[in-house]
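S.K.: Test case, fold it:
(4 chains)
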There are 2 protein chains.
Amino acid sequence: MSSLKIKSNLWIENDKGPVMGPGKKKLLEAIQETGSIKLAAIAMKMSYRHAWEMTNSLNKVSAKPIIEKVTGGVNGGGTKVTKEGERLIATYEKIVKEFEKFKTKMNKII
Amino acid sequence: MSSLKIKSNLWIENDKGPVMGPGKKKLLEAIQETGSIKLAAIAMKMSYRHAWEMTNSLNKVSAKPIIEKVTGGVNGGGTKVTKEGERLIATYEKIVKEFEKFKTKMNKII
DNA sequence: ACGCGTTATTCCTTTTATGGCATATCGATA
DNA sequence: TATCGATATGCCATAAAAGGAATAACGCGT
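M.R.: As a prediction, the model looks like this:
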């Protein structure tokens, strides 16, 4: 046992680029709760611009839409996470959980 | 089985900061082969400055020296990887190898 | 004391990332 | 058609990272 610790960034990619990581996961969850990118951004204390760019890259990268955006209309519109998006979040959570186990195991041998 | 793939950066830290990652590992190996930071930098096609900063941060971060540098003297000096450095490289390799297994396993379930 | 080749460090330019701000766009509703 | 609130997007200022070039420092051997 030493003071050394394994660290990592972990994310999911497809052939078009990164699909899910810790930042996008949190943002999607905030969107699920608030129903809009704007409110999610406020809740996460990030700029709308940043949040929007994350959602934009999400839909660029995925064949099936991860979020559904409505522009205009009642209340100006809003954003929802699709079933596919929920599935992605769950998959990512699963991987992160397993990775935590892996790190615990490996930290014992270094 | 999908087209999704797990990606990651993996490195080792102690309380002072990052100690070993893919870039530092390659640089240390090049230093082992060449005996100097300068030649290692040339071999890796990176600037001496960049290579030097990496070695500098290595010794800042580690209690036991990872590399030994000699300034001046015959042939101008040189740099060697210590036993501690070799141990670190080996540890990192071990972790990366195990992590590759982990990724293979996880990629089957996503 | 000088030359040599390497490490060590400074300075300044270029590039890239970050972020705010303003504004256009959109579409149901009144 | 005017309003409203959210999405969509461009512009520019600033910050931070990266990089190159030049040069100082070092110490053994001659």
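S.K.: Look up the pLDDT of the residue in chain A that DNA strand D sits nearest to for me, please.
M.R.: Here the residue of chain A nearest DNA strand D is A:G76; by Cβ to the nearest atom of the strand that distance is 2.4 Å. Placement of C-beta: from N, CA and C, glycine included. We note a pLDDT of 97 for A:G76 in this prediction.
S.K.: For it, grab the count of nearby residues.
M.R.: Neighbourhood size, A:G76 [other Cβ atoms under 10 Å in any protein chain shown]: 10.
S.K.: residue boundaries of the strands in chain A?
M.R.: Using DSSP state E, the strands of chain A run over A:5-14, A:17-20, A:67-71, A:77-81.
S.K.: for chain A, which helix is longest?
M.R.: helix A:83-107 (DSSP state H).
S.K.: Tell me which other helices or strands that one touches.
M.R.: strand A:5-14, strand A:17-20, helix A:22-34, helix B:83-109 (3 or more Cβ pairs under 8 Å, 6 or more residues apart in numbering or on different chains; DSSP states H and E).
S.K.: Select, out of these, the one closest to A:E100.
M.R.: The minimum distance between A:E100 and the helices and strands packed on helix A:83-107 falls on strand A:5-14, with 9.9 Å, by Cβ to Cβ.
S.K.: in its sheet, what does that closest one sit against?
M.R.: As defined by DSSP bridges, the strand partners of strand A:5-14 come to strand A:17-20 (antiparallel), strand B:5-14 (antiparallel).
S.K.: And the shortest one, what's buried?
M.R.: So that's strand A:17-20. Neighbour-count burial for strand A:17-20, counted by 16 or more other Cβ atoms under 10 Å in any protein chain shown, picks out A:19-20.
S.K.: now swap in the last one and tell me
M.R.: By neighbour count with 16+ other Cβ under 10 Å, strand B:5-14 contains the buried residues B:6, B:10-13.
S.K.: How much space separates A:S36 from chain B?
M.R.: 27 Å (Cβ to the nearest Cβ, to the nearest Å).
S.K.: and if you look at A:I37?
M.R.: A:I37 is 24 Å from chain B, where distance means Cβ to the nearest Cβ.
S.K.: where are the low-confidence patches of chain A?
M.R.: Where chain A drops to pLDDT under 70, the residues are A:1.
S.K.: for DNA strand C, what are the nearby residues on it?
M.R.: Proximity of chain A to DNA strand C is confined to A:47, A:49-50, A:71-74, A:76-77 under the rule Cβ under 7 Å from any atom of the strand.
S.K.: so how many other residues sit close to the spatially closest residue to A:I6 that is not a sequence neighbour?
M.R.: Distances taken as Cβ to Cβ, 6 or more residues apart in numbering or on different chains put A:K103 closest to A:I6, at 5.0 Å, once the chain neighbours are dropped. If you count neighbours by other Cβ under 10 Å, A:K103 ends up with 18.
S.K.: Same question for A:Q32.
M.R.: Using other Cβ under 10 Å, A:Q32 is surrounded by 16 other residues.
S.K.: ok, so of the buried residues of strand B:5-14, who is nearest A:T34?
M.R.: The shortest approach to A:T34 among the buried residues of strand B:5-14 belongs to B:I6, at 29.0 Å (Cβ to Cβ).
S.K.: Quick check: bridge partners of the closest one?
M.R.: Using DSSP bridges, the bridge partners assigned to B:I6 are A:I12.
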